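**Student:** give me the fold of what follows.
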Amino acid sequence: MQIIDHLQCNPPFTNHPLPMQPTTNTPFERFAFAAVIVLAILAPIATVYPLIGLFYLLVGFPIFCIVCAIKIERDHMKALAKAEAELSDIVVSDMRTLPQNWEATKTVFIAENVVIANDYFKSFLWAFRKLVGGESKSLSRLLARARREATVRVLRKAKECGANVVWNIRYETSTIQTIFASDAQKSVTGVEILAYATAFNVTAE
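**Tutor:** This is a model prediction of the structure:
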């Protein structure tokens, strides 16, 4: 069994890797990240004028971050739906054993991970949710996005390797929290999902 982890199949099982648009690190994501860095650098300059600086720090900057976060999340969900539709020909299962009439060939082990950062708006809602408890729908969406993204990456690698089945898929979840804070003040700043599975080409008798 070969092990494939973020690498091209070598040698590939197929000479026709799947051309797909990236679901993360899009041009808008890169623009938003660069813009936030520039705006953060300019923040001390804005404080020279108290009224402008107060508006900038309390209204302008947070609103810009929230708008960017909403667009990035929506674009990501749309891209995931498109990728999942394009990869729908691959059979995915979390079962351990194969049907008796299946004959598996070209077996590889695939592991893919993704880290999705929590945005300003979700952190804001999370701070209030911790006061009363209950389900945090904003963080549930964050976890769902990360899980779907990790699954898509596994399926893409399987497709690239010429596999038509992804079997015994498993997920590991880790949360990323603020470092310099007490346990009571720590908040979720991101989530990592590791997805791993066995991919192979199968023919039924």
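**Student:** who's in contact with M77?
**Tutor:** M77 sits next to R145 when contact means CB atoms under 8 Å, 6 or more residues apart in numbering. To be clear about C-beta, it is placed using only N, CA and C from the backbone, and glycine gets the same treatment.
**Student:** where along the chain do the helices fall?
**Tutor:** 27-46, 50-55, 61-86, 120-132, 137-160 (DSSP state H).
**Student:** now do the fourth one against helix 27-46, angle only.
**Tutor:** Taking axes from the mean of the first three to the mean of the last three CA atoms, to 10 degrees, one finds helix 120-132 and helix 27-46 inclined to each other by 80 degrees.
**Student:** including distance to F109 and mean pLDDT, could the helices of the chain go into TSV?
**Tutor:** Formatted as TSV, the helices of the chain follow (distance: least, CB to CB, whole Å; pLDDT from 0 to 100):
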stretch	distance to F109	mean pLDDT
helix 27-46	30	87
helix 50-55	54	79
helix 61-86	22	92
helix 120-132	34	77
helix 137-160	10	92
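**Student:** quick one, what contacts N118?
**Tutor:** Taking CB under 8 Å, 6+ apart, we find N118 in contact with 126, 139, 142, 187-191.
**Student:** so which of those is the most crowded?
**Tutor:** The most neighbours of any of the contacts of N118, using other CB atoms under 10 Å, belong to L142, which has 22 neighbours.
**Student:** just grab the bridge partners of T175 for me.
**Tutor:** V191 (DSSP bridges).
**Student:** separation between it and W126?
**Tutor:** 12 Å (CB to CB, to the nearest Å).
**Student:** and if you look at E172?
**Tutor:** Distance from E172 to W126, counting by CB to CB: 22 Å.
**Student:** check contacts around the residue of the chain most remote from its centre.
**Tutor:** Residue farthest from the centre of the chain, counting by CA atoms, centre = their mean, is Y49 at 39.7 Å. Contacts here follow CB under 8 Å, 6+ apart; on that basis Y49 touches nothing.
**Student:** cool, K137 as well?
**Tutor:** Per CB under 8 Å, 6+ apart, neighbours of K137: none.
**Student:** same deal with the one 4 residues further on?
**Tutor:** For R141, the residues meeting the contact criterion (CB under 8 Å, 6+ apart) are E73.
**Student:** centre-most residue in this protein?
**Tutor:** The centroid of the chain falls nearest to A146 when counting by CA atoms, centre = their mean (3.4 Å).
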